[in-house]
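1. Using only what follows, build the 3D model:
(one chain, ligands or ions: 1)
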Amino acid sequence: MFHMGWFIAQGFGVHGWNQPWSGSIGTEWTKPDLYIDLARAIERAGFDYLMLEDGSLVPDSYGSSPEWFVRNAWMVPKNDPMPLVPLIGQATRHLGIVATMTTSFYPPFIGARLAATLDHLTEGRVGLNIVTAHNDRAAQNFGLDQHHEHDLRYEIADEWMDVAYKLWGSWAEGAVLRDEVSGAFADFTKVNPIDHVGRFFKSRGPLNTHPGPQGRPVICQAGGSPAGRSFAAKHADTILARFRSIDAARAFREDIHRLALSHGRDPSRIKILYMMSAVIDETDEGAMNRLEALKKGAARQAEYKLAFMSYASGKDFSKFDLDQPVPEIKTNAAQASTAALTRAAGAQKTLREIAMETASGGFDYVGSPDTVATQMGETMSAIGGDGFLVSHTLNRRTIAEFTDGLAPALRRRGLIRSAYSYPRFRDNLLEF
Ligand SMILES: Cc1cc2nc3c(=O)[nH]c(=O)nc-3n(C[C@H](O)[C@H](O)[C@H](O)COP(=O)(O)O)c2cc1C
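-> Below is the predicted model of the structure:
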């Protein structure tokens, strides 16, 4: 069996502005309904979690202006995803809910307290996608002229996690008594300062709430650079990865397992979910026809691809020659994502060829639910585990395709769960 997650790549933003099947997204995007529909559907389908992307910036790298991004509602506007978490929690009973938090701009005390609060509100189903953030424009909203150097960001993140663990542990086991006979709510001797004084943070503690049902939230991570991988292997319960070849995905998993052991961790407690996308229809032929139709619209999509490359790298891809191979991009922004977007298709391809590809950058499937389910099973057994992260346009049609079309086909093959064994997120994640 493998795990399933759903990546909400535009966070609490506008999904598929002005595209077919996007409904009234222009006015509805600020409401929780689409997320609640998604959450209920993927819970019915047995998914482990949904993951809400986030970033705090108005991008302006493509065309060296915010024009393209604002006009197309791509990555802007974007609401804060945190208030969605308890709303989704109220509408579901088993699903894990992962929201993105950056260690670069959240003070660890606020982060640890918010996570504990959300874990209480969801009764043990919250996760944090811990990111370092990669964009100078975000850094400039928090008092920096430029973002910290790439690897330094992970050193800051590592200490941030250390402070957060200490804060979540600042109420010792047994501190909460709720003893109505003696009148003591809690034993103050078990609630202690952490007195953390480090290279980047200073925090006295203790946390002014006791930890949630999970003790600490599920930690999710998507770093792909050497520093990012090491950080993920040290801290994450679940890792998100983007590869299009089985060999590369397997090598990544082996690397994460090796790094986990070097940090004294049991690799089987880290669940790696690989990004995937699928064109699904009633029949294989119907799905192939849909793919052909998508290819006809590739020119419009190409612009999105170039904007995405600009967003991830901070470089203006409108200035590159479309008919030349893409040079190797050195960036202080998202290094692994930039490499995946610009190089994975092969160094020889021109920028135009890469931009016109309909491939998602992760594993792509085309066919009927049965065909896609069979192929996903083959991919996962060749990699060795642990699951897939759906990374696809979010609208109510795609929700139905994956949850009412594909998921039953996966379940018939015994590839995904048919029920949740535990009330809490981490326990379900570690079940297999
Ligand atoms: C599936 C996925 C989701 C991500 N979500 C976010 C996000 O919400 N916010 C963010 O700032 N970065 C996000 N990232 C970027 C990663 O945190 C990381 O910066 C990127 O993968 C590059 O890795 P590196 O920094 O180790 O080079 C995401 C990456 C992936 C693959």
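2. Which parts of the stretch 251-400 of the chain are helices?
-> In the stretch 251-400 of the chain, the helices defined using DSSP state H, counting those that start in this stretch lie at 284-296, 298-313, 335-343, 351-356, 369-383, 396-400.
3. Check which residues of the third one are buried.
-> Of the residues in helix 335-343, those scored as buried under the neighbour-count criterion (16 or more other C-beta atoms under 10 Å) are 335-342. For the C-beta atoms, the positions are set from N, CA and C on the backbone; glycine is no exception.
4. got the contact list for it?
-> Identification of contacts with helix 335-343 by C-beta atoms under 8 Å, 6 or more residues apart in numbering yields 134, 150, 223-225, 228, 242-243, 305, 308-309, 312-313, 326, 328-329, 331, 354, 361.
5. and with 7 Å instead?
-> Here helix 335-343 makes contact (C-beta atoms under 7 Å, 6 or more residues apart in numbering) with 150, 223-225, 228, 242, 308-309, 312-313, 326, 329, 331, 354, 361.
6. What backbone torsions are found at the closest residue to the ligand within the stretch 101-250 of the chain?
-> The ligand sits closest to residue 228 of the stretch 101-250 of the chain, with a gap of 2.4 Å, by C-beta to the nearest ligand atom. Note on residue 228: backbone dihedrals following degrees, to the nearest 10 are phi -70, psi -40.
7. what residues does this protein put near the ligand?
-> Contacts of the chain with the ligand, taken as C-beta under 6 Å from any ligand atom, map to 7, 53-55, 100, 129, 131, 133-134, 222-225, 228, 240, 242, 275, 334-337.
8. Check this protein for its longest helix and report it.
-> Taking DSSP state H as the criterion, the chain has its longest helix at helix 150-168.
9. follow-up on the earlier one: could you identify which of the helices of the stretch 251-400 of the chain is most buried?
-> Most buried of the helices of the stretch 251-400 of the chain, by mean neighbour count (mean count of other C-beta atoms under 10 Å): helix 335-343, with a mean of 21.
10. ok and it relative to helix 298-313, angle-wise?
-> Interaxial angle of helix 335-343 relative to helix 298-313 (axes from the mean of the first three to the mean of the last three C-alpha atoms, to 10 degrees): 150 degrees.
11. Dump helix 335-343 to CSV, restricted to CA.
-> The C-alpha coordinates for helix 335-343 follow below in CSV (Å, rounded to 0.1, in the frame of the first residue of the first chain):
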residue,chain,number,x,y,z
GLN,A,335,17.8,25.6,-6.3
ALA,A,336,16.3,22.1,-6.6
SER,A,337,13.0,23.3,-8.1
THR,A,338,14.8,25.5,-10.6
ALA,A,339,17.0,22.6,-11.7
ALA,A,340,13.9,20.3,-12.0
LEU,A,341,12.1,22.9,-14.1
THR,A,342,14.9,23.8,-16.4
ARG,A,343,17.1,20.7,-16.6
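12. Check the protein and tell me which residue is nearest its centre.
-> Nearest residue to the geometric centre of the chain (C-alpha atoms, centre = their mean): residue 51, 4.8 Å.
13. Am I right that it falls within a helix?
-> No - judged by DSSP: H, G, I helix; E, B strand; the rest coil, residue 51 forms no part of a helix; its state is strand.
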